[in-house]
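Asker: Task: produce atomic coordinates for the following.
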Amino acid sequence: MWKKFLLYLILCCSYVFIASADEGMWMLHLLKQQKFSEMRKLGLQLEDYDIYNPDGASLKDAVVFFGRGCTGEVISSKGLVLTNHHCGYGQIQNHSSLENNYLDEGFWAMTKAEELPNPGLTVTFIDRMEDVTDYVKQCLERDKEKDADGVFFLSPSYLNGIARERAGKELLTAPGTEVEIKPFFNGNQYYMFTKKVYPDVRLVGAPPSSIGKFGADTDNWMWPRHTGDFALFRIYADREGNPAAYSPENIPLKPKRWLNISTGGVDENDFAMILGFPGTTHKYYTSWEVAERRDIDNNVRIRMREARQQAMLEEMLDDPAVKIQYASKYSGSTNAYKNAIGTNWAIDLRDFEQLKREQQNRLLEWAEINRRPEYMEALNEIERIVEERADLRYRSWMLNEGIIRGVEFASVPQKGWNMLIRAVDSAKAGETDSLRHREDMERAILQLMEDYSRFADKDYNAGVDRKVSTAMLSEYVGLIGKETQPSFFEHISAGFNGDIEAFVNHIFDRSLFGNSENFNRFASGPEAFLADEENLTRLRNDPMFLFARSVTEESLSLGSQLGKYDIPFSLARRTYLEGILAMDGPYTHFPDANLTLRLTYGQVKGYRPRDAVYYAHQTTLNGVIEKEDPKNWEFVVPERLKELYEENDFGTYAIMGDGRMPVNFVATTHTTGGNSGSPVLNGKGELIGINFDRNWEGVGGDIQYLPDYQRSIIVDIRYVLFVIDRFAGAGHLIEELDMN
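Answerer: Reported below is the predicted structural model:
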């Protein structure tokens, strides 16, 4: 027993040493119990209620959830919101055309009347967050007879249903108010969030991509960095300040709180903190899940996206219109691709498998001492499931990355096609009278036309899809056995002797949705088209729809087979995390990220990526000029920016005592996806930058924080102000801001 106890103490000490680094994505309302004293030692000059105050305005009231997965901050009394250029990229792209190419040229509204509406875009404020763990457990006990499968404890629909029960009608009838309960630590804790959602958000300003996306995919996830990744939007409300759908009558929102801006800059070792909505982390992976992530998830993503991006980029570089069409798709693909590479590097460099084994062994020792066998059983169950599902998971990832994501026509809408086939078959079988048949046909034709409009929208190019699909199918069929491919793929060998390109060309040449000529023959006279038996036969055997249906069937089959592991896996993980919290105490750990408001803190600091190399904490405009390459679209520098550089026309935004124009800096803060656009604040709570990326060496921090490597990459607020003021000439926006 004493040997076991000593081993337990050793493991605890080693764990405390690992956890003492500046890591964590902490809940704001628990800062005082968890990290506040450490933050004060590093340089925080605020009280905890200055950051989060449920009964008054605080910094959290200036931070918004932007769109579907980013963060923004309110920076003026007129509802001006700052976020990343890449967070607003879809909106900038939607407003762009060859005549008004805001992606390439930038956009600046010089009056409020010029600000552009963005249907579907929202910003969300968090009004309040509450620990509702006991309430949820009471509801789960009350409803256990309805929960035959035991899934309510993680079910968003169930949890949000009981959130509405708790909130009551009076709260929920307030304009724009929503409530949500989310699970933490795999269902060991629950918090309820009361939100205010604003749906009228307008584009105010964005630099050209040569600033906002400078370095593009080459520099993505990299440091040193020289990117002005920011954009400006404005929140509008009705005349009472309530959330309201877009209307010309709406006025700029007067927010509860907006951020003051510091132009004093940053020095090495300065305190920095970030508030935002980090998306997903896996801090509590077991060793088996780490290996699964590396050997299946990441390896598949790396290989398949590499093939996709190469084919896509060739088409983008050949045609400026295609470059606009596919800019967002390409960027999204490369982002996850580089993340997978960096994560695998970190897993192997720091032996994450061993680190997680140590965490597991520490729990096992504690469980044995405290006679809690359920924690050993939970770990055994996790190991069993990961091993059993490996082949299915590999096939699922290959199908998702190689076909569903990689082949655009694999997601062709099938509703109208199915309706049309059913209507024809029902009439032939005599199941409908002539009036009913005509009504069914009319509905099916309208649906098919709507499907085509959605499929062949302005961001789709059949020529690009044809080329990329050929590349993706070539990779896929070479790695997945014929017996486990979607059934329609048998035609590749049976009808085309293994010629992938001929197979893809056949699909585009023969399908109704394969090209505009085919569809126009149908759309110009649907009734006459369908009266021809040969056309009906071709429609019934349309290769694009049959391909998509086959892929859908395979995806559903794999999902069903993998799904049988979901509940036992979730239950085992809940028990495992219960053990971790029981062993270490409720305030020791931070929960994995789940798009809820968090705080991370650290210091402005450079790092050593490898032997004999040191990266400083700050980059400047000098580096932009050094990287310039007019022949490479990723490193083109706007003429106006070069003029300002050559004239040293930096206004009041240059580094004091240095004279250079700051661009980016890095800090040891612990961030992930969702933190894009997050405000970076100094010890006084003043805005000093905008988080926009992480360094490649630090992306493994989603699994295990890397103190020697983990860095958030941040746009220096002085560069933002300089671009708005000196580059764009939008001084009216500067006048809105409160600056120190």
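Asker: those strands in the stretch 451-600 of the chain, which residues are they?
Answerer: 598-603 (DSSP state E, counting those that start in this stretch).
Asker: Okay, now the unreliable bits of it?
Answerer: For the stretch 451-600 of the chain, no stretch has pLDDT under 70.
Asker: Same check on the chain?
Answerer: Those would be 1-21, 429-433, if you go by pLDDT under 70 across the chain.
Asker: which helices and strands sit right next to the lengthiest helix in it?
Answerer: Across the chain, the longest stretch assigned as helix under DSSP state H is helix 320-349. With contacts defined as 3 or more CB pairs under 8 Å, 6 or more residues apart in numbering; DSSP states H and E, helix 320-349 has these neighbours: helix 89-94, helix 216-219, helix 299-318, helix 462-479. Bear in mind the C-beta positions are built from the backbone N, C-alpha and C, glycine included.
Asker: Make JSON lines from these and add distance to residue 143 and mean neighbour count to it.
Answerer: As requested, the helices and strands packed on helix 320-349 are exported to JSON lines (distance: least, CB to CB, whole Å; neighbours: other CB atoms under 10 Å):
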{"stretch": "helix 89-94", "distance to residue 143": "39", "mean neighbour count": "21"}
{"stretch": "helix 216-219", "distance to residue 143": "48", "mean neighbour count": "17"}
{"stretch": "helix 299-318", "distance to residue 143": "38", "mean neighbour count": "18"}
{"stretch": "helix 462-479", "distance to residue 143": "43", "mean neighbour count": "19"}
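Asker: In TSV, list those helices along with distance to residue 372.
Answerer: Output for the helices and strands packed on helix 320-349, formatted as TSV (distance: least, CB to CB, whole Å):
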stretch	distance to residue 372
helix 89-94	49
helix 216-219	49
helix 299-318	36
helix 462-479	43
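Asker: looking at the ones you listed, which is closest to residue 715?
Answerer: helix 216-219 (13.2 Å; CB to CB).
Asker: what's downstream of the closest one, the next helix or strand?
Answerer: strand 231-237 (DSSP states H and E).
Asker: from the middle of its chain, how far away would the helix or strand just after that next one be?
Answerer: Towards the C-terminus, the helix or strand next in line after strand 231-237, according to DSSP H and E, is strand 251-252. Centre-to-centre, strand 251-252 and its host chain are 29 Å apart (CA atoms, centre = their mean, to the nearest Å).
Asker: Contacts made by strand 251-252 with the rest, please.
Answerer: If you take CB atoms under 8 Å, 6 or more residues apart in numbering as the criterion, strand 251-252 is touched by 78-80, 112, 234-239.
Asker: With neighbour count and distance to residue 60 added, can I get those residues in JSON lines?
Answerer: As requested, the contacts of strand 251-252 are arranged in JSON lines below (neighbours: other CB atoms under 10 Å; distance: CB to CB, whole Å):
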{"residue": "78", "neighbour count": "17", "distance to residue 60": "20"}
{"residue": "79", "neighbour count": "26", "distance to residue 60": "17"}
{"residue": "80", "neighbour count": "23", "distance to residue 60": "18"}
{"residue": "112", "neighbour count": "14", "distance to residue 60": "27"}
{"residue": "234", "neighbour count": "24", "distance to residue 60": "20"}
{"residue": "235", "neighbour count": "25", "distance to residue 60": "16"}
{"residue": "236", "neighbour count": "25", "distance to residue 60": "22"}
{"residue": "237", "neighbour count": "22", "distance to residue 60": "19"}
{"residue": "238", "neighbour count": "17", "distance to residue 60": "24"}
{"residue": "239", "neighbour count": "9", "distance to residue 60": "26"}
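Asker: Adding distance to residue 730, write the residues you listed out as JSON lines.
Answerer: Shown next, in JSON lines, are those (distance: CB to CB, whole Å):
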{"residue": "78", "distance to residue 730": "14"}
{"residue": "79", "distance to residue 730": "16"}
{"residue": "80", "distance to residue 730": "11"}
{"residue": "112", "distance to residue 730": "12"}
{"residue": "234", "distance to residue 730": "13"}
{"residue": "235", "distance to residue 730": "18"}
{"residue": "236", "distance to residue 730": "19"}
{"residue": "237", "distance to residue 730": "23"}
{"residue": "238", "distance to residue 730": "27"}
{"residue": "239", "distance to residue 730": "26"}
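Asker: quick check, nearest of the residues you listed to residue 70?
Answerer: residue 235 (14.6 Å).
Asker: Quick one: residues contacting the closest one.
Answerer: Taking CB under 8 Å, 6+ apart, we find residue 235 in contact with 64, 74, 79, 81, 123, 198, 200-201, 252-253, 255.
Asker: Dig out what it forms beta bridges with.
Answerer: residue 201 (DSSP bridges).
Asker: if I look at it, how far off is residue 94?
Answerer: 19 Å (CB to CB, to the nearest Å).
Asker: Whichever of the contacts of residue 235 end up buried, select them in PyMOL.
Answerer: In PyMOL, a selection of the buried entries from the contacts of residue 235 looks like this (16 or more other CB atoms under 10 Å):
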select buried, resi 64+74+79+81+123+198+200+201+252+253+255
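Asker: How about the secondary structure of residue 180?
Answerer: strand (DSSP: H, G, I helix; E, B strand; the rest coil).
Asker: and it, what is it in contact with?
Answerer: Residue 180 neighbours (CB under 8 Å, 6+ apart): 159-160, 163, 192-193, 195.
Asker: hey, where'd the helices end up in the stretch 551-700 of the chain?
Answerer: 566-584, 621-627, 639-646 (DSSP state H, counting those that start in this stretch).
Asker: What of the stretch 101-250 of the chain?
Answerer: 102-105, 133-142, 156-167, 169-172, 209-212, 216-219.
Asker: Just name the most buried of the ones you listed.
Answerer: Stretch with highest mean neighbour count among the helices of the stretch 101-250 of the chain: helix 209-212 (a mean of 25; mean count of other CB atoms under 10 Å).
Asker: so what secondary structure elements neighbour it?
Answerer: helix 102-105.
Asker: which strands and helices sit next to the helix it packs on?
Answerer: Under the contact criterion of 3+ CB pairs under 8 Å, 6+ apart, helix 102-105 touches helix 89-94, helix 209-212.
Asker: Just the CA coordinates for that helix, please, in CSV.
Answerer: Output of helix 102-105 as CSV, limited to C-alpha atoms (Å, rounded to 0.1, in the frame of the first residue of the first chain):
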residue,chain,number,x,y,z
TYR,A,102,-13.9,43.9,-52.3
LEU,A,103,-11.7,40.9,-51.7
ASP,A,104,-8.9,42.3,-53.8
GLU,A,105,-9.6,46.0,-53.4
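Asker: Report the separation between residue 86 and residue 129.
Answerer: Taking CB to CB as the measure, residue 86 falls 27 Å from residue 129.
Asker: Which residue of these two possesses the greater neighbour count?
Answerer: Counted by other CB atoms under 10 Å, residue 86 and residue 129 do not tie: residue 86 has more neighbours, with 25 against 21.
Asker: Double-check that that one belongs to a helix.
Answerer: No. Residue 86 is assigned coil when assessed by three-state DSSP, not a helix.
Asker: Quick check: closest non-adjacent residue to it.
Answerer: residue 229 (6.0 Å; CB to CB, 6 or more residues apart in numbering).
Asker: residues in contact with the one you found?
Answerer: Residue 229 makes contact with 84-86, 212-213, 690, 692-693, 715, according to CB under 8 Å, 6+ apart.
Asker: so which pair among these is furthest apart in space?
Answerer: Within those, 213 and 690 form the most distant pair, 14.3 Å apart (CB to CB).
Asker: Compare those two and say which is more crowded by neighbours.
Answerer: The neighbour comparison of residue 213 against residue 690 (other CB under 10 Å) goes to residue 690, with 30 against 23.
Asker: Which of the helices or strands spans the residue nearest to the more buried one when sequence neighbours are not counted?
Answerer: Spatial nearest neighbour of residue 690, chain neighbours left out: residue 715 (4.6 Å); criterion: CB to CB, 6+ apart. Using DSSP H and E, residue 715 maps to strand 712-716.
Asker: Check which helices and strands the following helix or strand past that strand sits against.
Answerer: Per DSSP H and E, the first helix or strand lying C-terminal to strand 712-716 is helix 717-722. Under the contact definition 3+ CB pairs under 8 Å, 6+ apart, helix 717-722 sits against strand 662-667, strand 687-694.
Asker: This completes my enquiry, with thanks.
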